[in-house]
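S.K.: A predicted structure for the sequence below; I have some questions about it.
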Amino acid sequence: MKLFYSPVHDFIHKSVVVAEEVGVWSSIEEVPVYPRKHGYSLAAINPLAKVPTLALDSGAVLFGSQVIAEYLDSISANGVHVYPAPGPDRWDALTRLAQADIFFDITTRLTHERLLDEPGEHIIAWHWPKLMRSLDRMDEDAARLKKFDIGCIGTLQAITYFERQVVLPWPPPASVYFNWRDGRPNLAVWFDHAIQRPSVAAHFKTTFDGDDSPDFCQAKVAGVLQAQGKNVNAGALPASDFTPPANASSDRSSQH
Ligand SMILES: N[C@@H](CCC(=O)N[C@@H](CS)C(=O)NCC(=O)O)C(=O)O
């Protein structure tokens, strides 16, 4: 199977950690995608053209990181499951997953706002408290967590993506000097421990050294279409939906 995802490993990717935890990483071919760069569009196999996208050898395409994570969990090769069986533990894990994923989506939304020369301050002021309260809830949760489940994996992705974006200049009330650890000791201790798990440490802060060219990506997209019985020339695939704002610096517009 092929995992189309961003090879930027200065934040933690849920689907990668799940694949490692359940022992199926070796069955995955990584296909690097830079969604905002020209030539990497997944639109031909995923109408949302978003990463992550998982293509099975049958030609079936799964998207939405939650679906990908649950699929990988369902084919566990080592008996480990990060999705608890139905019951209180499952609803707790899925609620923490939802919080983490919506936190990630809000961070993405604010990152898009930041691409503009005049970011909408009301948008930032509206969303920032949601992030702060969620971090507080993650701190409360961290004090009671015993197992490493899908909620924990989502939380690692949310925090590291936020940390990556928040060091960039943001308009108020966000601050360039913001540190999520301040006043959240449980979360800080839990995080520092969790990132030492082999499933996380194997990729976090590593550099991707395979082929990450647009041609490679588009050849793999064409391969998925072929597996679906469609005959498409890689050169004829859509290139990108994203056009940077006219006066955005390349630094801002290329950020993942
Ligand atoms: N809720 C989605 C979020 C996926 C997502 O937002 N992916 C972004 C990565 S920053 C993306 O592909 N953006 C490119 C685009 O929207 O064109 C999931 O969990 O799969």
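M.R.: Nice, I can see it.
S.K.: what about the helix ranked longest in the chain, near the ligand?
M.R.: Counting residues, the longest helix in the chain under DSSP state H turns out to be helix 88-115. Yes: using Cβ under 6 Å from any ligand atom, we find that helix 88-115 touches the ligand at D101, D105, T108. For every residue, glycine as well, the C-beta is placed using N, CA and C.
S.K.: just checking, the first one touches V67?
M.R.: Right, D101. No: the pair D101 / V67 is not scored as a contact, 11.6 Å apart, by Cβ atoms under 8 Å.
S.K.: neighbour count winner among these two?
M.R.: D101 (19 against 13; other Cβ atoms under 10 Å).
S.K.: give the contact list for the more buried one.
M.R.: S65, Q66, G154, A158 (Cβ atoms under 8 Å, 6 or more residues apart in numbering).
S.K.: what about the second one, which helix or strand?
M.R.: So that's Q66. Applying DSSP states H and E as the criterion places Q66 in helix 65-74.
S.K.: One more: the third one?
M.R.: For G154, the host element (DSSP H and E) is helix 150-166.
S.K.: Now look at that helix and say if it contacts the ligand.
M.R.: No: for helix 150-166, no contact with the ligand is found by Cβ under 6 Å from any ligand atom; the gap never falls below 7.9 Å.
S.K.: Based on its surroundings, how many neighbours for the closest residue to V82 other than its chain neighbours?
M.R.: Counting by Cβ to Cβ, 6 or more residues apart in numbering, I150 is the residue found nearest to V82 once chain neighbours are left out, at 4.7 Å. When neighbours are defined as other Cβ under 10 Å, I150 has 25 of them.
S.K.: ok, back up a step: ok, so of the contacts of D101, who is nearest the ligand?
M.R.: For the contacts of D101, the closest approach to the ligand (Cβ to the nearest ligand atom) belongs to S65, at 3.4 Å.
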